[in-house]
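Chemist: A structural model of the following input is requested.
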Amino acid sequence: MVSRKERFWITFMLRMSFGFLFLVVALGQFDAGTAEKSGPEVFAEKVSAPYSGTWLAGALENLPLIGFDDGTAPLRFFLHCIPFIFAALSVPILTGLFLRPALRLGAIILIMLGLGKYITSGNDVAPTAMNFFLAFLICCGLYFLSQEDEAKTE
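Modeler: Okay, here's the model as predicted:
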């Protein structure tokens, strides 16, 4: 059985590591680009460019999506939202309020980004594996948090 102090420190380290990870990544994405043009738009343009020749862009191009002119436009919109999502996720994770839903959403976002990176990178699976590994660590943390609940009820 894990002591209360140990549980506190494990939960605290989980919160700090993933909370600051999402915050630092979001700040880096907000600062992407050059001095004359920066921000989430530049980040979204840069990351969505490799998708133009993939099957995903072709599939999205054939869908009647309102307001999107080409297959990479929905991807650009999603990628434009990512810095805001990461910044918003860091707040509940760092504070501990709504910790589990925020961690679950963070794992889902990391899996989506990992799959997207795999579509564009082909044989380079290192970024995909890193995103999946981070999602796995979040799941391990969620498992530990569920064990903490069981320990409180005993």
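
Chemist: residues of the lowest-mean-pLDDT helix or strand in the chain that come out buried?
Modeler: Least confident helix or strand of the chain, by mean pLDDT, DSSP states H and E, is helix 55-61 with a mean of 74. Neighbour counts over helix 55-61 (16 or more other Cβ atoms under 10 Å) mark 56-57, 60-61 as buried. In short, each C-beta sits where N, CA and C put it, glycine included.

Chemist: In which helix or strand does residue 44 reside?
Modeler: Element membership for residue 44 (DSSP states H and E) is helix 40-48.

Chemist: thinking again about what came up before, of all the buried residues of helix 55-61, which comes closest to residue 118?
Modeler: residue 56 (10.7 Å; Cβ to Cβ).

Chemist: and after the least confident helix or strand of the chain, which helix or strand comes next?
Modeler: helix 73-95.

Chemist: Helix 40-48 and whichever helix or strand comes after that following helix, what's the angle between them?
Modeler: Counting by DSSP H and E, the next helix or strand C-terminal to helix 73-95 is helix 99-121. Taking axes from the mean of the first three to the mean of the last three Cα atoms, to 10 degrees, one finds helix 99-121 and helix 40-48 inclined to each other by 50 degrees.

Chemist: Tell me what angle helix 99-121 forms with helix 73-95.
Modeler: Taking the same axes, to 10 degrees, one finds helix 99-121 and helix 73-95 inclined to each other by 150 degrees.

Chemist: Identify each buried residue in the helix or strand following helix 99-121, please.
Modeler: Beyond helix 99-121 on the C-terminal side, the first helix or strand identified by DSSP H and E is helix 126-153. Residues of helix 126-153 classed as buried by neighbour count (16+ other Cβ under 10 Å): 128, 131-132, 134-135, 138, 141-142, 145.

Chemist: and what of stretch 24-44?
Modeler: In stretch 24-44, counting by 16+ other Cβ under 10 Å, buried: 25-26, 29-30, 32-33, 40, 42-44.

Chemist: Residue ranges in this structure under the pLDDT threshold?
Modeler: 1, 33-36, 62, 64-67, 71, 148-154 (pLDDT under 70).

Chemist: returning to what we had before: other residues contacting the least confident helix or strand of the chain?
Modeler: By Cβ atoms under 8 Å, 6 or more residues apart in numbering, the residues outside helix 55-61 that reach it are 51, 68, 70-75, 116, 119.
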